[in-house]
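1. Got a predicted structure here, sequence first:
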Amino acid sequence: MRRRRSGTARSAFAAALTACALALTGACGAPEESGPPARTPADICADLVSYWVEEALKGSSWAGLDWEQKGLSNEQYEIHDEVLVAARAEERRAGRAAASAFADRESRRRCEEARGATGSSENWRP
């Protein structure tokens with residue numbers, strides 16, 4: 001003999017089924033992002049330049065690599081050289097932490113200004 005479900009049980013069962021279906025189809029809430037936000041050429045330039053300036057400030061043996069080995073375009077390397085000179089002056093004036101913060105800010109500013117500084121990666125250096 002079959003038992004009849006009460007109205008409350010049927011409602012609860014229907015609600016549970018609906019919740020499962022929504023969860024499986026992803027219809028609940030806002031759609032999820034498919035990964036981290038896209039990085040711009042300026043973001044990549046700033047990260048590269050500030051990293052290599054920091055390596056030079058630390059006196060790392062890797063700091064002696066040339067622009068190609070560092071993965072920099074000629075324009076990025078030019079920014080690197082100029083930021084490094086200014087960061088060394090800042091280090092003498094206010095210490096390593098201040099120089100590192102300066103290098104991060106200045107690299108970001110210069111790379112944004114140059115829209116990533118991705119051009120002129122030919123094998124030459126003026």
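-> Happy to help now that I have it.
2. Quick check, residue 63 in contact with residue 52.
-> Yes. Assessed by C-beta atoms under 8 Å, residue 63 is found in contact with residue 52 at 6.8 Å. Where you see a C-beta, it was placed from the backbone N, CA and C, and this is true even at glycine.
3. So for those two, which residue has more residues nearby?
-> Legend: neighbour count by other C-beta atoms under 10 Å for residue 63 and residue 52, higher for residue 52 (25 against 15).
4. I'd like the distance between the more buried one and residue 36.
-> 23 Å (C-beta to C-beta, to the nearest Å).
5. any idea of the mean pLDDT in stretch 89-97?
-> Stretch 89-97 shows a mean pLDDT of 97.
6. Would you mind checking which helix or strand in this structure has the lowest mean pLDDT?
-> helix 7-25 (a mean of 48; mean pLDDT, DSSP states H and E).
7. Residue 86: neighbour count?
-> 15.
8. how about the nearest residue to it, chain neighbours excluded?
-> residue 106 (6.4 Å; C-beta to C-beta, 6 or more residues apart in numbering).
9. So that neighbour sits against residue 85, correct?
-> No. Counting by C-beta under 8 Å, residue 106 sits too far from residue 85 to count as a contact (10.6 Å).
10. That concludes my questions; thank you for your assistance.
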